[in-house]
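>>> I would like to see how this sequence folds:
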Amino acid sequence: MTAPGNGGAWQPIETAPRDGSTILLTAFEDDGSIFEIHPMMWAHIQRNGLFPGVTGMWTAPDGAYTWNEDGWGNGPTHWKLSPTEAPTASATGRAADHSGVAGLGGE
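As a prediction, this is how the structure comes out:
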């Protein structure tokens, strides 16, 4: 499946890199529409109190939220490469620009 924006085609979540790289994650609805898009990375030691006993899940780069592959269809279904990341606010003194990323202000 392809989607607007940079990063190529959406790939099944099972093929996503789990090496700490920031990638874009989404979940496709039953009708093929995109639920949400989040830049995230795999954190093999990440825990979340909402998922007792689970270690390892997708996390936002700043650690603000996680997305768990719960086996019940509530986790991400697809991923794609993240376009070159904009400089962070701390590096530039300005907010990061996500205008080129569909679902992150570039729609």
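>>> the strands in the protein, which residues?
Under the criterion DSSP state E, the chain carries strands at the ranges 11-12, 23-28, 34-43, 57-59, 66-67, 78-81.
>>> I'd like to know how many residues surround the closest residue to His78 other than its chain neighbours.
Distances taken as C-beta to C-beta, 6 or more residues apart in numbering place Trp10 nearest to His78, at 4.0 Å, with adjacent residues excluded. C-beta here means a position set from N, CA and C on the backbone, and glycine is covered the same way. A total of 19 residues lie near Trp10 under the criterion other C-beta atoms under 10 Å.
>>> thinking Trp10 is in contact with Ile37, fair?
No - with contact defined as C-beta atoms under 8 Å, Trp10 does not count as touching Ile37 (9.8 Å).
>>> list the residues that contact both of the two?
The contact sets of Trp10 and Ile37 overlap at Thr26 (C-beta atoms under 8 Å, 6 or more residues apart in numbering).
>>> Tell me how far the nearest residue to Trp42 once chain neighbours are set aside lies from Gly75.
Using C-beta to C-beta, 6+ apart and skipping residues adjacent in sequence, the residue nearest Trp42 is Arg18, 3.9 Å away. Taking C-beta to C-beta, to the nearest Å as the measure, Arg18 falls 14 Å from Gly75.
>>> And the two? Which one has more around it.
Gly75 (15 against 12).
>>> correct me, but Met41 touches Ala16?
No - using C-beta under 8 Å, Met41 is not in contact with Ala16, being 9.8 Å away.
>>> Please consider this matter closed, and thank you.
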